[in-house]
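Q: have a look at this prediction, sequence included:
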Amino acid sequence: MALSSPSPPSSDRKRPFEEAAKGCVPLNAPSLSSPPCKKAARQPAEKSDAIVDLLDDEGGSDDEVEFVGEAKPQKKVRFHEIEHEVKYFKRYPVEGPSPSLSAIDEEETSAHSSSVHPSSEHSRATADFTILSSNHGRARRQLRRISKHDLRAAIKHGVKTPAHPGRVGERRWKFVHNGLVYITDETCRHEITSYREEVRIDPYPVSLQMEERHVETKRILKEEPYLATGHTYIIMDQSGSMRDSDVDGFVSRSHAAYGTLALEFIAEQLNQRGPNQDDLFAESVTLVEMRDEGRAVFDQPQPLDWILFNRLLQRPNIARPSSHGNYNESIQLVAKMMMREYNALLKDGADPEDLPFFSLVFLSDGRPSDFRTLESERRTEILKTLVGPVKERFSFYAMGIGARDTEFGALQSMVNTVAENGGTAQFVHAGVSTVKLSETFSNISSTLTSHRTTLLGDEDANRSEKVKKDFTMRRTGNVVGLKMPSQFFVNGDQHSITRYRFNKGLLRRNADPWIDAKLANHGANGIEVETEPFGRGAERLAYRFHEIKKDGAGCKRVGKTMVAKDSLHLNENETKESFHQDFCHIQRTAYDLAESFNSAVRLAPPLRSATEETKPPTLRFMLPHVYTIKDKGTDEEKGYLVEKMLPGKFLKFNSNNGYVRGAKDGVHSTRTMELVSGKVHLEEFVQAFSHWVYEHTDHKMIVVDLQGVLNEEGRYPEFQLTDPAICTRLGERFGKTDMRLRGIRRFCTTHRCGTVCKGLGLKCITTTPGAEPDNRTAGFHFGGRAGKGGGGGSGRNGSGGRAHQPGAARANGNLGWCIDRSGYKS
């Protein structure tokens, strides 16, 4: 049976200490059959050392301690066998000094204590624990805001485990309770140190494919910065005061800032992406640490990915806060880097509306060291220079961390300056609350997601609203024998019909690009156009079209069915010059590029067929003509763009809004074939064509919106395509479907390089589907137990067990075959 502890001395016997309490060694645990414990052995006092008089945690009266002589035990120490608790009861001291120790008064309470006030019998038992404090332990508790009552609660209620031994191997104990870690000596009476248990955020497990993608994205950010949708600059205060340990759950303010930055800013945005991480392609981050001077942590902007997440988690363990915090030097450094990037993008031909969004996150824990009037005026001028060119595309977020009485007037003044000069600005005082820090970073993430949506949105902000035509779609299903409503135009007294062919060479020489051509079929003298469209796109409607021969016996269709296209909108000038010329130019340009692509495929040994019976598919765009109908009475002219009707199942392979068939679900509609480099789906050649054009034209344009049929009736397969869109970064614009840099960004976010891209030697944009593990929230732990979201495991090196260095293996390296780009002309 458990042994009961004697009651503490009654309150009427209270008096000031006349002698110091002497440590009592706890007895070994007796067996259930053992008799009650005997009195603890006395220890002779060391009279050579003086007692240290330490102030109370809360700044109240001193602990009541006097020099004492030899101690005589007044109370028994009992060991509770079932609960495994050692209860120390304060004895009335006798003379005898104690070496550099002070006794904690049982009646002392603390405003900082997380425990209940000792108002009940159970609480008084907690208060009855006697703990001897050292100079080191006392100082640590003051720094970490830990009260003596918290230590008593840890002894009574905490989990007791062996701690790391001391410097000379002496045994120590570790008590963990309510987020507090308390280290004692072997007797469990002498305080060694204490600290708040830290929130542990696990590193994300990084695969080799993720490292390869990280390296490729860094290359893109360096060589093709116009693809970035945003660039966030972060100025992190790392002055000496960031060592303070007043944020719950973290060792220091620096750990809290970096931990919440990683979890709520980086991981939050990454987790907003889909399983294939498609809607965030090249978001870049630059980190500057602020001390006496500002210093960029990384040698170049970093991709916003899980590797950056892991590096931010490790950063406070590498760089310790020190020195002063001068605002101006860090802001000046960011201004130089941002203006250099901004001017380079404009010089490279980027339109102002296609520029990435710039953001500056500034985190500080107090007044700047450069606070004088002249320095404040200089800071204002730097911010004006920074905001001036970009204005509404610049966001500034100032965050204050520290007690409520901390002065943040400088941060608020900076926010006002940015707002007055056209930028978006916000100041938040997070105090010392982890929750507030997390909420602030989470709100910033949401704002940046909104900016990204603007750059990758489906609607063109500059496109005016148009009124669509009133039309009825052609009936589908069993329509054999039904006569569809049509209109007929015949060369004669009322109408004049002419067929034109577009010549791109004449257009480059600023000549009339239209060449007269005879009707396609011998004997034809008119046309028939159905009035109900069978298809519609973003800009045009598609109708069935025939050439006809009209004679005395009536009208007769001649030749094959074709497709005629005109505008979807009312009040559109549908002449060949104003409306159809752009589409003819796009289709002819895509035709020429496809011919060059077919040659590149034939010359690439990895893309040769594994058998002699077949060859890789070719790509061929339809070459349209324009039929014009002129009313001889009114001189009004209308045109139809006409091309061959494509037989078979019509498929859309990609689009200028970022859609890529099979990118998310891995579903392909075409058969596979064996190449020297492995098995591929035939439609991989179509997707690789868009990527090849981007590389072949030195990143100036991309051909997307690829749609058509796979014709396998001939000896070798052929993709017959129509209605492409060309998105350009530099140079002339290709019609209304040219989404410029926005369209290029969209394709790059969703394209997945495969066997064909690698066989052509193209620089990898993104990895193949499934190369990365499913997104999951990086788990965070408190006290060694998993918190919400679970945790990604970590390897011995703290990075998910990866055994490769970044860049150790590239997805395609520089292998493959190159095609001479010098002959291309748009």
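A: Looks like it came in fine.
Q: poorly predicted segments of the stretch 151-300 of the chain, please.
A: Counting by pLDDT under 70, the stretch 151-300 of the chain contains low-confidence residues at 273-281.
Q: would you map the helices across it?
A: 208-223, 253-260, 267-271 (DSSP state H, counting those that start in this stretch).
Q: now do residue 271: how many residues are near it, please.
A: Applying the criterion other CB atoms under 10 Å, we find 14 residues in the vicinity of residue 271. Where you see a C-beta, it was placed from the backbone N, CA and C, and this is true even at glycine.
Q: select the longest strand from this structure.
A: Once the chain is assigned using DSSP state E, the strand that runs over the most residues is strand 554-567.
Q: what residues sit buried inside that one?
A: For strand 554-567, the buried set under the neighbour-count rule, 16 or more other CB atoms under 10 Å, comprises 555, 558, 562-567.
Q: to residue 234, which of the helices of the stretch 151-300 of the chain lies closest?
A: Taking CB to CB as the measure, the helices of the stretch 151-300 of the chain were each checked against residue 234, and helix 253-260 came out nearest at 9.8 Å.
Q: so what touches the closest one?
A: The list of residues contacting helix 253-260 from outside it, by CB atoms under 8 Å, 6 or more residues apart in numbering, reads 198-199, 201, 236-238, 241-247, 249-250, 312-313, 315-316, 320-321, 363, 365, 401-402, 432, 434, 437-438, 441, 780.
Q: could you flag which of those residues are buried?
A: Neighbour counting over the contacts of helix 253-260 (16+ other CB under 10 Å) leaves 198-199, 201, 236-238, 241-247, 249-250, 312-313, 315-316, 321, 363, 365, 401-402, 432, 434, 437-438, 441, 780 as the buried ones.
Q: quick one: closest of the helices of the stretch 151-300 of the chain to residue 511.
A: Comparison of the helices of the stretch 151-300 of the chain against residue 511 by CB to CB identifies helix 208-223 as nearest, at 37.3 Å.
Q: packing partners for the closest one?
A: Applying 3 or more CB pairs under 8 Å, 6 or more residues apart in numbering; DSSP states H and E, we find helix 208-223 packed against strand 302-303, helix 306-318.
Q: for residue 717, what are its contacts?
A: With contacts taken as CB under 8 Å, 6+ apart, residue 717 has the following neighbours: 614, 617-618, 682, 710-711.
Q: go through these and name the one nearest residue 230.
A: Minimum distance to residue 230 across the contacts of residue 717 is 36.6 Å, recorded for residue 682 (CB to CB).
Q: how near is that closest one to residue 247?
A: Residue 682 sits 58 Å away from residue 247, taking CB to CB, to the nearest Å as the criterion.
Q: with residue 721 instead?
A: For residue 721, the distance to residue 247 - CB to CB - is 59 Å.
Q: over to residue 759?
A: Using CB to CB, residue 759 is found at 53 Å from residue 247.
Q: same thing with residue 155?
A: Here the criterion is CB to CB. By it, residue 155 lies 26 Å from residue 247.
Q: what's the answer for residue 441, then?
A: Distance from residue 441 to residue 247, by CB to CB: 14 Å.
Q: which of the contacts of helix 253-260 fall in strands?
A: Among those, the ones falling in strands (DSSP E) are 199, 201, 236-237, 363, 401, 780.
Q: which one of those residues is nearest to residue 388?
A: The shortest approach to residue 388 among the ones in strands among the contacts of helix 253-260 belongs to residue 363, at 24.0 Å (CB to CB).
Q: am I right that that closest one is in contact with residue 399?
A: Yes - counting by CB atoms under 8 Å, residue 363 does reach residue 399; the two are 4.5 Å apart.
Q: for the stretch 401-550 of the chain, give me the ranges with low pLDDT.
A: Within the stretch 401-550 of the chain, the ranges that satisfy pLDDT under 70 run 405, 451-465, 477-481.
Q: let me see the ranges of the helices in it.
A: Counting by DSSP H, counting those that start in this stretch, one finds helices in the stretch 401-550 of the chain at the ranges 409-420, 434-456, 504-508.
Q: what sits against residue 329?
A: The contact partners of residue 329, taken as CB under 8 Å, 6+ apart, are 290, 292-294, 370.
Q: which strand or helix spans it?
A: With secondary structure defined by DSSP states H and E, residue 329 is part of helix 327-347.
Q: CA atoms of that helix as PDB?
A: This file holds the C-alpha atoms of helix 327-347, laid out as PDB (Å, rounded to 0.1, in the frame of the first residue of the first chain):
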ATOM      1  CA  TYR A 327      16.500  50.000 -41.300                       C
ATOM      2  CA  ASN A 328      18.000  52.100 -44.000                       C
ATOM      3  CA  GLU A 329      20.800  49.800 -45.100                       C
ATOM      4  CA  SER A 330      18.400  46.900 -45.600                       C
ATOM      5  CA  ILE A 331      15.700  48.900 -47.400                       C
ATOM      6  CA  GLN A 332      18.400  50.400 -49.700                       C
ATOM      7  CA  LEU A 333      19.600  46.900 -50.600                       C
ATOM      8  CA  VAL A 334      16.100  45.700 -51.500                       C
ATOM      9  CA  ALA A 335      15.500  48.900 -53.500                       C
ATOM     10  CA  LYS A 336      18.600  48.300 -55.600                       C
ATOM     11  CA  MET A 337      17.700  44.700 -56.300                       C
ATOM     12  CA  MET A 338      14.100  45.400 -57.100                       C
ATOM     13  CA  MET A 339      14.800  48.300 -59.400                       C
ATOM     14  CA  ARG A 340      17.500  46.300 -61.200                       C
ATOM     15  CA  GLU A 341      15.000  43.500 -61.800                       C
ATOM     16  CA  TYR A 342      12.300  46.000 -62.900                       C
ATOM     17  CA  ASN A 343      14.500  47.800 -65.400                       C
ATOM     18  CA  ALA A 344      15.800  44.500 -66.800                       C
ATOM     19  CA  LEU A 345      12.200  43.300 -67.500                       C
ATOM     20  CA  LEU A 346      11.300  46.500 -69.300                       C
ATOM     21  CA  LYS A 347      14.500  46.400 -71.300                       C
END
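Q: starting at the chain centroid, how far to that helix?
A: Between the centre of helix 327-347 and the centre of its host chain there is 22 Å, according to CA atoms, centre = their mean, to the nearest Å.
Q: go on, stretch 291-308?
A: Computed by CA atoms, centre = their mean, the separation of stretch 291-308 from the middle of its chain amounts to 15 Å.
Q: in that stretch, what's buried?
A: In terms of neighbour count (16+ other CB under 10 Å), stretch 291-308 has its buried residues at 291, 294, 296-297, 301-308.
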